[in-house]
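# starting from these lines, generate the structure:
(one chain, ligands or ions: 2)
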Amino acid sequence: MGLTNSSTGANLAGGTRILLNTTAKKVIALAGNPNVGKSTIFNNLTGMNQHTGNWPGKTVSLAAGRWQDCTLVDLPGTYSLMAHSAEEEVARNFICFDHPDAVIVVCDATCLERSLNLALQTMEISSRVIVCVNLMDEAKRKGISIDLDLLSGRLGVPVVGVSGRRKKSLSALTDVINSADFPQSSLQLQYCSEIEQAVSALLPLVNTLPDMGIPPRWLCLKLLERDETLTAELLSRQDIQPLLEEAGAALSAVSLDHTQLCDLMAAAAVNAAEELCRGVVTYSAGKYNTFDRRVDKILTSRAAGYPLMLLLLAIIFWLTIEGANYPSQLLSNLFAKGQILLTDLFTRWGAPDWLHGALVLGIYRVLTWVVAVMLPPMAIFFPLFTLLEDVGYLPRVAYNLDKPFKRCKACGKQALCMAMGFGCNAAGIVGSRIIDSPRERLLAILTNNFVPCNGRFPTLIAILTMFFAGASTSSLLSALLLTAVIIFSVGMTFAVTKLLSATLLKGAPSSFTLELPPYRKPQIGKVIVRSIFDRTLFVLGRAAAVAAPAGLVIWLMANVSAGGVSLLNHCAGFLDPFARLMGLDGVILIAFILGFPANEIVIPIIIMAYTAQGSLLELDSTWQLRQLLIANGWTWSTAVSMVIFSLLHWPCSTALITAYRETLSRKWTALTALIPTAAGVLLCMLFTAAVKLLS
Ligand SMILES: Nc1nc2c(ncn2[C@@H]2O[C@H](COP(=O)(O)OP(=O)(O)OP(=O)(O)O)[C@@H](O)[C@H]2O)c(=O)[nH]1
Ligand SMILES: [Mg+2]
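Residues are numbered from 1 along each chain as shown. Ligands and ions are numbered 1, 2, ... in the order given. Modelled structure (predicted):
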């Protein structure tokens, strides 16, 4: 096998490029339909942590990793090489134009026939194909058996059966990759005589083109097909305009139009897959998906769909809040003791006051607040949410929310981006690539920030618990209030989507098909470990990295004076009149502004600023925090304004940069920040005015 791809690069939909490892001997792509386990196999081989979960469309860009002396490339899922969306284009372009040394087409053992469609299309462009039939355990449970040898004989390429979740079962696949000269396929899809005739007419002309490393027959078919994005891609590499005209003439000569041609080609692949599977797949159980259908009938029904969705959300919040109470308290106490110890040390060393102030009262206290208050809820919320994702509940949510999104002239898949936004808005924005229509994709990007990310949840929980759930910290009430807040944020998403569809982004909603995957048993242990190490610690690390310098800045602002007044008071005083109109104060608004790098640090900055003004020094419980806020003029209406503005303000810097990368437009990026901010300011002002009127 050649070393052809040592410096292959690939264009991503967002304009990013990955450069494959230059020292790797082979570049091997993992392709396949969505949700068949490509990333699971990729992770198990490379030791990387690509996002996996039980719904189609998680991987939206290329990921490269090292396995032995090969570079493995995890591709987004695609049903065919006729790409329909940004992420399918990424996969198609890599297979077609980056010339990987081999393509592993991962197939779903429980619906092999459909998976083979892509394998056949891939074999048209690449002669080095390995068919990897994944989910063999699931097939076995469903009474489906597959004759892998028979299939391999028919296809003329290696076919291996694996259960991708189990690392050991991948040895069959790695053996094949390691065997340097696995057979090259000679199987070719045969089309109806009209198409073959048109191909024959074009072939001599295509053969005159300089070598692009693409099989001439495949190029003829694509010229006839005239797929828009693929043609643009081909034109960027070679002047094929005259050939396109020839292809048009060849098609007319056999009395076919493009639609007929595409239908005939698709039918040929489907028929071939059916033919290949005859005798290969046998079913011993009659109705193997009765259980799934029964559960779906309930979870996606009109009567029970929404209530169950809300109930599940409330349960997750309750578990998060209730479960986080104790460890949060424990950590707070521990850190408070740490503060006393540190202060003692500083005194013993005779350290100057300003040093103690900056390091202990500035950095240490903000950092420990972030850890104590944010770590426990994150460590509970992330795994619970990931478990729901792994079971396969998210696509059911998208199904339920499809109708309201359609009414807003948007796409039901936006619900999936919204769900990802609960974890991280930047991830939700990238996830919008699964939406085919650019207009609907923009709607998803512009509104993603309306749902609170994990960085904002702890703020919301703290405020709701302190001001509305009573002194005994009723977790149930907090959870119900948080659910109500989330319903409000989803409602805002719908309202703004509708408004945008009627103004800036006019258009009709497109129809989409989203497969409801089978319910799968989640890998509980793995989910817990992964979500704590990959997600929780990542988010926390980011927050801490921002919190430390922010703590220092705010301490300096509070302690450096100009004209007898601290800088902090100057700034707060400047913003105060405007902030008051929104029911907030200057300090809160500064905290939101300084929290731009990471939302997690808004409350710590508020605490820093208030304590720096000399109100209270020990803060080892939520209740003491409440006292501090009340001492600084907070009332229940300040808390409501704070909740509204936490939900509705500019996205954090990471989300905003991501929005720019995805839209490549300053206008849309600016609007991604402006729309939620304007909505937040307006709602806060209306609320404050209403409270003033009524009191
Ligand atoms: N039971 C079982 N589940 C599996 C197996 N392989 C993967 N899964 C599960 O299938 C789901 C999809 O796996 P992914 O690796 O995310 O699939 P993907 O093909 O990368 O999906 P996209 O990136 O969305 O196209 C996850 O919930 C996996 O845990 C397997 O061999 N057996
Ligand atoms: Mg994937």
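# what's the burial count for residue 420?
Residue 420: 27 surrounding residues under other CB atoms under 10 Å. Glycine gets a C-beta too; all of them are placed from N, C-alpha and C.
# which residue is the nearest non-sequential neighbour of it?
In space, and not counting its chain neighbours, residue 420 is closest to residue 428: 4.2 Å by CB to CB, 6 or more residues apart in numbering.
# wait, what's in contact with that neighbour?
If you count contacts by CB atoms under 8 Å, 6 or more residues apart in numbering, residue 428 has them with 417-422, 444, 448, 451, 453.
# and with 10 Å instead?
Going by CB atoms under 10 Å, 6 or more residues apart in numbering, residue 428 touches 414, 416-422, 444-445, 447-449, 451, 453, 655, 658.
# what score does residue 389 have for pLDDT?
Per-residue confidence (pLDDT) for residue 389: 89.
# wait, it sits on residue 396?
No: under the criterion of CB atoms under 10 Å, residue 389 makes no contact with residue 396, lying 11.3 Å away.
# check the secondary structure at residue 646 for me.
helix (DSSP: H, G, I helix; E, B strand; the rest coil).
# please, where are all the strands along this structure?
Residue ranges of the strands in the chain, as given by DSSP state E, are 9-11, 17-19, 26-32, 63-67, 70-74, 102-108, 129-134, 144-146, 159-161, 281-283, 561-562, 565-566.
# now the fourth one: mean pLDDT?
In this model, strand 63-67 has an average pLDDT of 93.
# ok, the third one next?
Averaged across strand 26-32, pLDDT comes to 94.
# got the angle between it and strand 102-108?
Computed by axes from the mean of the first three to the mean of the last three CA atoms, to 10 degrees, the angle separating strand 26-32 from strand 102-108 equals 20 degrees.
# what lines up beside strand 26-32 in the sheet?
Applying DSSP bridges, strand 26-32 is found paired with strand 70-74 (parallel), strand 102-108 (parallel).
# residue 404 reaches residue 398, doesn't it?
No: when contacts are counted by CB under 10 Å, residue 404 is not listed as touching residue 398 (11.3 Å).
# so what sits against both of the two?
Common contact partners of residue 404 and residue 398 (CB under 10 Å, 6+ apart): 412, 415.
# for residue 277, what are its contacts?
By CB under 10 Å, 6+ apart, the contact list for residue 277 reads 111-116, 146-147, 150-151, 154.
# again, 7 Å this time
Residue 277 makes contact with 112-113, 116, according to CB atoms under 7 Å, 6 or more residues apart in numbering.
# now, which of those lie within helices?
112-113, 116 (DSSP state H).
# save those as JSON lines, and put in pLDDT, neighbour count and distance to residue 555 too.
Output for these, formatted as JSON lines (pLDDT from 0 to 100; neighbours: other CB atoms under 10 Å; distance: CB to CB, whole Å):
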{"residue": "112", "pLDDT": "95", "neighbour count": "22", "distance to residue 555": "63"}
{"residue": "113", "pLDDT": "94", "neighbour count": "17", "distance to residue 555": "65"}
{"residue": "116", "pLDDT": "95", "neighbour count": "28", "distance to residue 555": "64"}
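# in a markdown table: those, plus distance to ligand 2.
Conversion of those to a markdown table gives the following (distance: CB to the ion, whole Å):
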| residue | distance to ligand 2 |
| --- | --- |
| 112 | 19 |
| 113 | 21 |
| 116 | 19 |
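# ok, of those, which one's closest to residue 242?
Distance to residue 242 across the ones in helices among the contacts of residue 277 (CB to CB) is lowest for residue 116, with 35.5 Å.
# pull the number of nearby residues for residue 676.
Each residue near residue 676 was counted by other CB under 10 Å, and the total is 23.
# before we move on, what about residue 33?
23.
# please state the backbone phi and psi of it?
phi -60, psi 160 (degrees, to the nearest 10).
# residue contacts, the closest residue to ligand 2 within the stretch 501-650 of the chain?
For the stretch 501-650 of the chain, the residue closest to ligand 2 is residue 517, as judged by CB to the ion, at 12.7 Å. Contact analysis of residue 517 by CB under 7 Å, 6+ apart lists 35, 54-56, 392, 395.
# which of these count as buried?
35, 54-56, 392, 395 (16 or more other CB atoms under 10 Å).
# so where's the stretch 351-500 of the chain shaky on pLDDT?
By pLDDT under 70, the low-scoring segments of the stretch 351-500 of the chain are 470-473.
# ah, wrong one, I meant the stretch 201-350 of the chain
Residue ranges of the stretch 201-350 of the chain with pLDDT under 70: 285-288.
# taking it, what residue is nearest to ligand 1?
Residue of the stretch 201-350 of the chain nearest ligand 1, by CB to the nearest ligand atom: residue 292 (13.4 Å).
# what about that residue, how many residues nearby?
15.
# so it is in contact with residue 518, correct?
Yes: if you go by CB atoms under 7 Å, residue 292 and residue 518 touch, sitting 5.3 Å apart.
# residues contacting whichever residue of the stretch 301-450 of the chain sits closest to ligand 1?
For the stretch 301-450 of the chain, the residue closest to ligand 1 is residue 390, as judged by CB to the nearest ligand atom, at 4.9 Å. For residue 390, the contact set (CB under 7 Å, 6+ apart) comprises 53-54, 520, 522-523, 527.
# domain ranges for the chain?
The record's domain parsing of the chain by automatic domain parsing lists 9-178, 193-256, 302-694.
# make JSON lines out of those domains and add distance to residue 283.
As requested, the domains of the chain are exported to JSON lines (distance: least, CB to CB, whole Å):
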{"stretch": "domain 9-178", "distance to residue 283": "6"}
{"stretch": "domain 193-256", "distance to residue 283": "33"}
{"stretch": "domain 302-694", "distance to residue 283": "15"}
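# out of the ones you listed, indicate the one that is most buried.
Ranked by mean neighbour count, the domains of the chain are led by domain 9-178 with a mean of 21 (mean count of other CB atoms under 10 Å).
# how about the residue in the chain that ligand 1 sits nearest to, nearest residue that isn't a chain neighbour?
When scored by CB to the nearest ligand atom, the chain has residue 77 as its residue closest to ligand 1, at 2.7 Å. Spatial nearest neighbour of residue 77, chain neighbours left out: residue 34 (2.9 Å); criterion: CB to CB, 6+ apart.
# give the contact list for the one you found.
Applying CB under 7 Å, 6+ apart, we find residue 34 in contact with 56-57, 77.
# repeat that for residue 494.
404, 408 are the contacts of residue 494 under CB under 7 Å, 6+ apart.
# again with residue 436
By CB under 7 Å, 6+ apart, the residues touching residue 436 are 84-85, 510, 512.
# how about the nearest residue to the residue of the stretch 301-450 of the chain closest to ligand 1, chain neighbours excluded?
Per CB to CB, 6+ apart, closest to residue 390 is residue 522, 3.6 Å.
# from residue 386, how far off is the one you found?
Distance of residue 522 to residue 386, given as CB to CB, to the nearest Å: 8 Å.
# equivalent analysis for residue 593, please.
Counting by CB to CB, the gap from residue 593 to residue 386 is 32 Å.
# done for today, thanks.
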